[in-house]
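Engineer: What follows is a predicted structure for the sequence shown.
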Amino acid sequence: MPQAASTSLPGCRVAGSPCPAIASSKNNGPVRAPAACSKSAARFEANTLIEYEFVVVRERGERLVYLAQPSGQPSAEFVSITASPSEVVFENAQHDFPQRVGYQRQGADLAAWVEGTRDGQTRRIDFHYRRAACPVD
C-alpha cells in the first residue's frame, strides 16, 4: 500500500495565537493524487501583504511530496520519509532551513513543526492547530 493511502486530515484547523488562521483542505477521505490538499497563509500589516506561503501536498508514486512556495524565495520540495494515519514527516536534506516538516494528529488537533540545522545550530519550531468550523463557501 502506498504511504499516501493511509494519511487523512479532513476538516479545518486554525493556529493558536498569535499566528494567523490557516485552513486545511475540506477533503473527507484519504490523501489522493494529483492534489492531496493545499493551504495558504498570509501575514498583513496595516492592510498590506507582508509575506505569504502556498503549500500543496501531492502523491508521487509511493510517497507524498510537500511543495512549498514562500514569498520572496524559490519553491522547495520535501518528500515523505514517514507517513501513517497519525503522522507524516517530509524531508529535503539539501534545503537551507528547514530540512524537515512534520504533522502529527493529536485527537482533533494537529501539531506541526519545522526543524533542521541553520548556521550550525539545530533548530525546531512548533505550531499547534485546533479544529475549527470550516468557512461556508
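Structural biologist: Nice, I can see it.
Engineer: Looking at the protein, which residue reaches furthest from the middle?
Structural biologist: Ala46 (26.6 Å; CA atoms, centre = their mean).
Engineer: Could you report the distance from that residue to Ser71?
Structural biologist: Separation of Ala46 from Ser71 (CB to CB, to the nearest Å) stands at 17 Å. Every residue, glycine included, has its C-beta placed from N, CA and C.
Engineer: got it, and Asn92?
Structural biologist: 19 Å.
Engineer: Of those two, which one has the most company?
Structural biologist: Taking neighbours as other CB atoms under 10 Å, Asn92 and Ser71 compare with Asn92 leading, 18 against 12.
Engineer: Can you tell me, leaving aside adjacent residues, what's nearest to the more buried one?
Structural biologist: Take Asn92 and drop its neighbours on the chain: the residue closest to it by CB to CB, 6 or more residues apart in numbering is Phe78, 4.4 Å away.
Engineer: same question, Arg105
Structural biologist: Ser86 (4.6 Å).
Engineer: quick one: pLDDT of the one you found?
Structural biologist: Turning to Ser86, the model gives it a pLDDT of 91.
Engineer: So it is in contact with Gly107, correct?
Structural biologist: No: Ser86 is not in contact with Gly107 according to CB atoms under 8 Å; the separation is 10.1 Å.
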